[in-house]
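Asker: sequence and predicted structure below; questions after.
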Amino acid sequence: MKAAFIYNFAKFTVWPPEGARTAEPLSMCVVGDAAVAEALSRTVKGRELDGRRMTVAHLGVAEPQRACHILYLSGVTSGQATLLVAGLRDVPVLTISDAEGFMALGGIVQFFFEHGRLRFSVHLGSAKRARLQLSSRLLALAKPHD
């Protein structure tokens, strides 16, 4: 389910010109959750988004994430999440996690469960700092951030 959400986040996000060169694939990176990386790979296989092919990489915590357009973090410590998000501050990377308090660390999208359903919140300030434009259709589905 998270893989489908991540794919849809890509469909409803606009990267700044320097982060959206069409000759390069749209790179989706996953740190810490092999199952989501595998599901996301199956979801995007053979698909293009705005004429760009999509790739999925399963990265370790210490691997560089600046080449990613989307970075999904799961199963990392709060300290690791803090370092990863801080390293991408002002970089056009859509950061997503299910870690508690992720948006307080500067993350853009946080997954959570509400009444047994997967939901998400968006931190618009962090998205603006990363120079990412999120579609109003996506924002309409998000739970307001406190």
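Answerer: The structure has been received and is ready for your questions. Everything numeric in this text was worked out from a predicted model, so none of it was measured.

Asker: C-alpha only now, for contacts and for neighbours.
Answerer: Will do.

Asker: contacts for the longest strand along the chain next, please.
Answerer: The longest strand of the chain (DSSP state E) is strand 52-59. Identification of contacts with strand 52-59 by C-alpha atoms under 8 Å, 6 or more residues apart in numbering yields 22-32, 34, 37, 40-41, 44-48.

Asker: keeping just the C-alphas, turn the helix or strand where residue 138 lies into CSV.
Answerer: For residue 138, the enclosing helix or strand under DSSP states H and E is helix 136-141. Extracted in CSV, the C-alpha atoms of helix 136-141 (Å, rounded to 0.1, in the frame of the first residue of the first chain):
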residue,chain,number,x,y,z
SER,A,136,-3.8,20.6,-4.7
ARG,A,137,-5.3,17.2,-5.5
LEU,A,138,-2.6,15.5,-3.3
LEU,A,139,-3.0,18.1,-0.6
ALA,A,140,-6.7,17.6,-0.5
LEU,A,141,-6.2,14.0,0.6
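
Asker: after the longest strand of the chain comes which helix or strand?
Answerer: strand 70-73.

Asker: residue ranges with poor pLDDT in this protein?
Answerer: For the chain, the stretches flagged by pLDDT under 70 are 18-23, 146.

Asker: helices of that one, start to end?
Answerer: For the chain, applying DSSP state H gives helices covering 2-11, 34-44, 78-87, 124-129, 136-141.

Asker: which parts of the longest one are buried?
Answerer: Using 16 or more other C-alpha atoms under 10 Å as the burial criterion, the residues of helix 34-44 that qualify are 36, 37, 39, 40, 41, 43, 44.
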